[in-house]
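Visitor: Here's my sequence, what's the structure:
(one chain, ligands or ions: 2)
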Amino acid sequence: MNLGESVIFSVSFIILLIWLGQSLWIYLDARNRNERFALGWAVLALFSVPVSLIVYLMLTRGREEKCKTCGAHLERGLTICTNCGADIGKICANCGSIMKESWNYCPSCKNKY
Ligand SMILES: [Zn+2]
Ligand SMILES: [Zn+2]
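Guide: Ligands and ions are numbered 1, 2, ... in the order given. Here you go, the predicted model:
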């Protein structure tokens, strides 16, 4: 094998690694988050590099929050962390709606917290 061939070989090997790595990473990440279509995402990732990764990140990261205490990924609308039990929201004293920690007014009944 001459130098040119080994360079081409290494480059295609790295590309293959990134290609498979992206798919594997998406699959593991989706499984971690109990995503329903973990395998579907992984297969999709094989056919559309790197668009699927960007779409995947936008979809999964956009609809969740992070626990300030333990850093766990949480679904929106929760008031406690399902991993460590820390408070991540508050309940409106007037109507019982779930409010974010940073909100001063309840969006449902306009009560000041
Ligand atoms: Zn937590
Ligand atoms: Zn309220």
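Visitor: Helix or strand with the lowest mean pLDDT in this structure?
Guide: strand 64-66 (a mean of 74; mean pLDDT, DSSP states H and E).
Visitor: Contacts (any at all) between ligand 1 and that strand?
Guide: No. Applying C-beta under 5 Å from the ion, one finds strand 64-66 separated from ligand 1 by no less than 8.6 Å. For the C-beta atoms, the positions are set from N, CA and C on the backbone; glycine is no exception.
Visitor: what separates the first helix or strand past that strand going along the chain from the chain centre, distance-wise?
Guide: Along the chain past strand 64-66, the next helix or strand (assigned with DSSP states H and E) turns out to be strand 73-75. For strand 73-75, the distance between its averaged C-alpha position and the chain's averaged C-alpha position is 8 Å (C-alpha atoms, centre = their mean, to the nearest Å).
Visitor: Strand 73-75 pairs with which strands, parallel or anti?
Guide: Based on DSSP bridges, the pairing partners of strand 73-75 within the sheet are strand 64-66 (antiparallel).
Visitor: contacting residues around the strand it pairs with?
Guide: For strand 64-66, the surrounding residues in contact (C-beta atoms under 8 Å, 6 or more residues apart in numbering) are 33, 72-76, 78, 88.
Visitor: one more time with 6 Å
Guide: If you take C-beta atoms under 6 Å, 6 or more residues apart in numbering as the criterion, strand 64-66 is touched by 73-75.
Visitor: which parts of that strand are buried?
Guide: Residues of strand 64-66 classed as buried under the neighbour-count rule (16 or more other C-beta atoms under 10 Å) are Glu65.
Visitor: In terms of secondary structure, what does the longest helix seen in the chain contact?
Guide: Ranked by number of residues, the top helix in the chain under DSSP state H is helix 3-32. Helices and strands in packing contact with helix 3-32 are listed as helix 38-47; criterion 3 or more C-beta pairs under 6 Å, 6 or more residues apart in numbering; DSSP states H and E.
Visitor: Buried residues in the helix it packs on, which are they?
Guide: 38, 41-42, 44-45.
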